[in-house]
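A.B. asks: Here's a sequence, model it:
(chains A, B and C)
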Amino acid sequence: MFTVDFRIRPPFKSFLKTAMYAGAARRDGITRKVGFEPSPAAMGQSLPLLISEMDAAGVDKGVVVGRVSGALGNVDNADILEVCALHPGRFVPIAGIAPLPRKAAILEAERLLGLGFKGLSIEPGGLPEPLHYDDRRLYPFYAFCEDRNVPLVIMGGGNAGPDISFTAPEHIDRVLADFPELKIVSAHGHWPWGTQILHVAFRRPNLFLAPDYLMANMPGMDDYVRACDSFLADQFLFASAFPFAPVAGYAAWFRALPIRPANLEKIMGGTACRLLGLQPEG
Amino acid sequence: MFTVDFRIRPPFKSFLKTAMYAGAARRDGITRKVGFEPSPAAMGQSLPLLISEMDAAGVDKGVVVGRVSGALGNVDNADILEVCALHPGRFVPIAGIAPLPRKAAILEAERLLGLGFKGLSIEPGGLPEPLHYDDRRLYPFYAFCEDRNVPLVIMGGGNAGPDISFTAPEHIDRVLADFPELKIVSAHGHWPWGTQILHVAFRRPNLFLAPDYLMANMPGMDDYVRACDSFLADQFLFASAFPFAPVAGYAAWFRALPIRPANLEKIMGGTACRLLGLQPEG
Amino acid sequence: MFTVDFRIRPPFKSFLKTAMYAGAARRDGITRKVGFEPSPAAMGQSLPLLISEMDAAGVDKGVVVGRVSGALGNVDNADILEVCALHPGRFVPIAGIAPLPRKAAILEAERLLGLGFKGLSIEPGGLPEPLHYDDRRLYPFYAFCEDRNVPLVIMGGGNAGPDISFTAPEHIDRVLADFPELKIVSAHGHWPWGTQILHVAFRRPNLFLAPDYLMANMPGMDDYVRACDSFLADQFLFASAFPFAPVAGYAAWFRALPIRPANLEKIMGGTACRLLGLQPEG
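C.D. replies: Numbers count the residues shown, from 1 in each chain, chains lettered A, B, ... in the order given. Sure thing, here's the model as predicted:
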């Protein structure tokens, strides 16, 4: 089964300065709390071990999502391209970007897309002035992404802002309605608003959920899984959020969920390929 | 077991112009997504087939709820009376009405009640200017319904407004508190706010939930069912929302839920009879 | 297993005038709706029977939480000290207090803490002008509690305000973020916002949940239990909310939940001892 992990942060250059690597003890605590053993690749900060772990787990590609988030640290987009070039065909680059000020954001977005990035990622709740997704000041950037047909990843759950109102479902719902052709991936899948975001996804075919490790053994998980095997099969993306979950352990856990093969195949890779314009090999 | 389906939209006259019949492909897609086969009566737009389906399913009466909703289409209240007259005793009429402007609404409500309608239905989130349930401009209409002892059906879940904030539980909670004698039926049962609306129903005995097909195999369903067999047994109404779910298939699915017979009897028809002043026949 | 019931309201003096005793029929109805038989100690308003029930149930201590709530009645803090003195070592006193006006509140808090109260309790949603937890006017009182290292119990779920917005998770989330050293216990555990408040607790180690009888057999219960046996084991407090649930029946029900012994031990008493500075005897 062709498998794409929609959110991998490799132990590489500026990634190592973000909280997920710099605060290894906290990270490993979270990993264990959700029921996994930390990955040797994460603990050892080893890119070769990560590649081996992906091989062993049958994970064909990992989407490397950039980050521009004051609160949670930034990643240099050049490092993403470099790690992709080091292991051709194994990683797919998505650039982090600050969506404001609007003119600079759009110029920078054009530059990044010209370099080969397959999508853009924003974290409005992590900006110096945290913004809700439906803040009017973000609308020119959304319009650009919709017109340019660029998939947009948002940090969309968990600690995505200074308080839980930043992940409340009405904000993203309005954006999805106002830009019906804009494809939005919610990293973390808007957890903990599971039931509510599943309704939003049912209503808005341009929303894709990638709940990652916050789904594993966590409150509300049963509803995500039930949706995966019915109406959400075309809008769900497998993602480990490595290094928070181990790629191999999380993939094994996910493949054992009660989801029928035809639906699982889409979730594990088919939908990611469609969204990012990738060709499943082999 | 005397059975009342609290929301049936027969394939008849102006009903056929609303999205649920005019957009048959989309509708059948939804029906299959929630786990049912579309009803031949729905696909064939056949009233006789619907009656046969009700007979076969042991559904004694169907409540035909009108609709005045810019977004989702309107139904002519005269058509509701006509279909009720065509099959005496099989259908119970509830009129759709625009709650604004207030004076016209109350005059029209009086006229409709004089014609034999057993309740009124509004869809504030579907108006040209969408309104939350607790918008002050709706309060004269609520006061009228409370004083007149008229059950009020609201479109209360799913796509009941331009975004999910229109079904958020605080709005209806305030109306229920401000009009404690007004009996309100939430069609769709305020899904996807299941846990929250179950608390509201626990606190407010004047709220009745009729989650219909959006409950079937959907996120949050287990909580509705658990409540049906405990504190919600007196405030839950069986409803298929035909043509979105087949009357027969949905009734069979519902009767197989883990709900004890005494509670199931209320839900399948007893509470509907009490609410609408119907006599369960022999 | 050393057991502390974090919320017991004994049948004693001013407690008997609050709705939970004055409205016995309503209370017993609620008890039965959530699946328990009312306690003889509750029905008979007998303190000796309550002590016997605690003995039989192996409940070592009961936390007696005061109440200053216009809507739900007040309890005289002197009565709490008196009942604690009558049964040395069996009860732990927490005083109810009005958090406004701020200067009087802090003077009174100092006086109460000097008398031996182990914590303070407020019910902002029950004040004559109901306040959300993050109302700025409450911030001086929170600052006092944080500086003084006093655990604060809030009425945090169910009917904790005039409508369900008063228990919505964003309000308490902001307070927890703004006062990271202030330990807050949410009585009722912010039910019905289960999934959401579990995220808040995951993010904020200074939040403790005590969902009590509203968890028993109620919507969302499975998620609380799942969290009890994983990330919430250090932030969950066993509480019956007697007289709404029987101490013995509720303890038996709780101990049978699928929670591993090491986690159950914390929840039944260990965390309460840590929070209140109690020594588990024996």
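A.B. asks: how about the lengthiest helix in chain A as CSV, C-alpha atoms only?
C.D. replies: Scanning chain A for the helix with the most residues, using DSSP state H, yields helix A:102-114. Output in CSV follows, covering the C-alpha atoms of helix A:102-114 (Å, rounded to 0.1, in the frame of the first residue of the first chain):
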residue,chain,number,x,y,z
ARG,A,102,-0.1,40.6,2.5
LYS,A,103,2.0,41.9,-0.3
ALA,A,104,5.3,40.5,1.0
ALA,A,105,3.6,37.2,1.7
ILE,A,106,2.4,36.8,-1.8
LEU,A,107,5.7,37.7,-3.3
GLU,A,108,7.4,35.3,-1.0
ALA,A,109,4.9,32.6,-1.8
GLU,A,110,5.5,33.0,-5.6
ARG,A,111,9.2,32.7,-5.0
LEU,A,112,8.8,29.5,-2.9
LEU,A,113,6.5,27.9,-5.4
GLY,A,114,9.0,28.6,-8.1
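A.B. asks: so how far is the next helix or strand after that helix off the chain centroid?
C.D. replies: Sequence order places strand A:120-122 as the next helix or strand after helix A:102-114, per DSSP states H and E. Centroid separation for strand A:120-122 versus its chain: 10 Å, with CA atoms, centre = their mean, to the nearest Å.
A.B. asks: who touches the longest helix of chain A?
C.D. replies: If you take CB atoms under 8 Å, 6 or more residues apart in numbering or on different chains as the criterion, helix A:102-114 is touched by A:77, A:95, A:97-99, A:120, A:137, A:140-141, A:144-145, A:148, A:150. Glycine gets a C-beta too; all of them are placed from N, C-alpha and C.
A.B. asks: among those residues, which ones are buried?
C.D. replies: Among those, those classed as buried by 16 or more other CB atoms under 10 Å in any protein chain shown are A:77, A:95, A:97-99, A:120, A:141, A:144-145, A:150.
A.B. asks: ok, which pair from these is furthest apart?
C.D. replies: Spatial extent of these (CB to CB) is set by the pair A:77 and A:144 at 17.2 Å.
A.B. asks: how about the strands in the stretch 51-200 of chain A?
C.D. replies: Applying DSSP state E, counting those that start in this stretch to the stretch 51-200 of chain A gives strands spanning A:61-65, A:68-69, A:73-74, A:91-96, A:120-122, A:152-155, A:184-187.
A.B. asks: Restricting to C-alpha, output stretch A:54-74 in PDB.
C.D. replies: Only the C-alpha atoms of stretch A:54-74 are listed here, as PDB (Å, rounded to 0.1, in the frame of the first residue of the first chain):
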ATOM      1  CA  MET A  54      10.500   4.900   7.000                       C
ATOM      2  CA  ASP A  55      11.800   2.000   5.000                       C
ATOM      3  CA  ALA A  56      11.000  -0.500   7.700                       C
ATOM      4  CA  ALA A  57       7.500   0.900   8.100                       C
ATOM      5  CA  GLY A  58       6.800   0.900   4.400                       C
ATOM      6  CA  VAL A  59       6.400   4.700   4.400                       C
ATOM      7  CA  ASP A  60       7.200   5.700   0.800                       C
ATOM      8  CA  LYS A  61       7.100   9.500   1.200                       C
ATOM      9  CA  GLY A  62       7.100  12.000   4.000                       C
ATOM     10  CA  VAL A  63       5.700  15.500   3.600                       C
ATOM     11  CA  VAL A  64       8.000  18.000   5.200                       C
ATOM     12  CA  VAL A  65       6.000  20.900   6.400                       C
ATOM     13  CA  GLY A  66       7.700  24.200   7.200                       C
ATOM     14  CA  ARG A  67       6.900  26.500  10.100                       C
ATOM     15  CA  VAL A  68       6.800  30.200  10.700                       C
ATOM     16  CA  SER A  69       5.500  30.400  14.200                       C
ATOM     17  CA  GLY A  70       6.800  32.800  16.800                       C
ATOM     18  CA  ALA A  71       5.600  30.700  19.700                       C
ATOM     19  CA  LEU A  72       6.700  27.300  18.400                       C
ATOM     20  CA  GLY A  73       9.800  28.200  16.500                       C
ATOM     21  CA  ASN A  74      10.600  28.700  12.800                       C
END
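A.B. asks: May I see the buried residues of that stretch?
C.D. replies: Neighbour count says stretch A:54-74 has A:54, A:57, A:59-69, A:71-74 buried, by 16+ other CB under 10 Å.
A.B. asks: Chain C next: which of the residues you listed are close?
C.D. replies: Near chain C, judged by CB under 8 Å from any CB of the partner chain, there are no entries from the buried residues of stretch A:54-74.
A.B. asks: In the stretch 1-150 of chain A, which residue sits closest to chain B?
C.D. replies: residue A:134 (8.8 Å; CB to the nearest CB).
A.B. asks: Please report phi then psi for residue A:259.
C.D. replies: Note on residue A:259: its backbone torsions stand at phi -130, psi 130 [degrees, to the nearest 10].
A.B. asks: picking that back up, mean pLDDT and distance to residue C:228 added to the strands of the stretch 51-200 of chain A, as TSV?
C.D. replies: As requested, the strands of the stretch 51-200 of chain A are arranged in TSV below (pLDDT from 0 to 100; distance: least, CB to CB, whole Å):
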stretch	mean pLDDT	distance to residue C:228
strand A:61-65	98	33
strand A:68-69	82	32
strand A:73-74	83	32
strand A:91-96	98	37
strand A:120-122	98	35
strand A:152-155	96	28
strand A:184-187	97	28
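A.B. asks: As CSV, those with distance to chain B would be great.
C.D. replies: As requested, these are exported to CSV (distance: least, CB to the nearest CB, whole Å):
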stretch, distance to chain B
strand A:61-65, 26
strand A:68-69, 25
strand A:73-74, 31
strand A:91-96, 27
strand A:120-122, 20
strand A:152-155, 17
strand A:184-187, 14
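A.B. asks: pLDDT of stretch A:127-138, averaged?
C.D. replies: For stretch A:127-138, mean pLDDT rounds to 96.
A.B. asks: Same question for stretch A:244-263.
C.D. replies: Rounded mean pLDDT across stretch A:244-263 is 95.
A.B. asks: Let me know whether that stretch sits next to chain B.
C.D. replies: No - using CB under 8 Å from any CB, stretch A:244-263 never reaches chain B; the gap is at least 11.9 Å.
A.B. asks: coming back round to it: present the strands of the stretch 51-200 of chain A as a markdown table; the columns should include distance to residue B:176.
C.D. replies: As requested, the strands of the stretch 51-200 of chain A are arranged in a markdown table below (distance: least, CB to CB, whole Å):
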| stretch | distance to residue B:176 |
| --- | --- |
| strand A:61-65 | 44 |
| strand A:68-69 | 41 |
| strand A:73-74 | 46 |
| strand A:91-96 | 45 |
| strand A:120-122 | 39 |
| strand A:152-155 | 35 |
| strand A:184-187 | 32 |
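A.B. asks: wait, which of those strands is closest to residue B:277?
C.D. replies: So among the strands of the stretch 51-200 of chain A, strand A:184-187 is nearest, using CB to CB, at 46.9 Å.
A.B. asks: Which of the residues in stretch A:156-164 are classified as buried?
C.D. replies: Buried residues in stretch A:156-164 (16+ other CB under 10 Å): A:156-161, A:163-164.
A.B. asks: any idea how far residue A:255 lies from residue A:217?
C.D. replies: 15 Å (CB to CB, to the nearest Å).
A.B. asks: quick one, what contacts the closest residue to residue A:117 other than its chain neighbours?
C.D. replies: Excluding its sequence neighbours, the residue lying closest to residue A:117 (CB to CB, 6 or more residues apart in numbering or on different chains) is residue A:95, at 4.2 Å. By CB under 8 Å, 6+ apart, the contact set of residue A:95 is A:66, A:77, A:80, A:109, A:112, A:117, A:119-121.
A.B. asks: go with 7 Å
C.D. replies: A:66, A:77, A:80, A:112, A:117, A:120-121 (CB atoms under 7 Å, 6 or more residues apart in numbering or on different chains).
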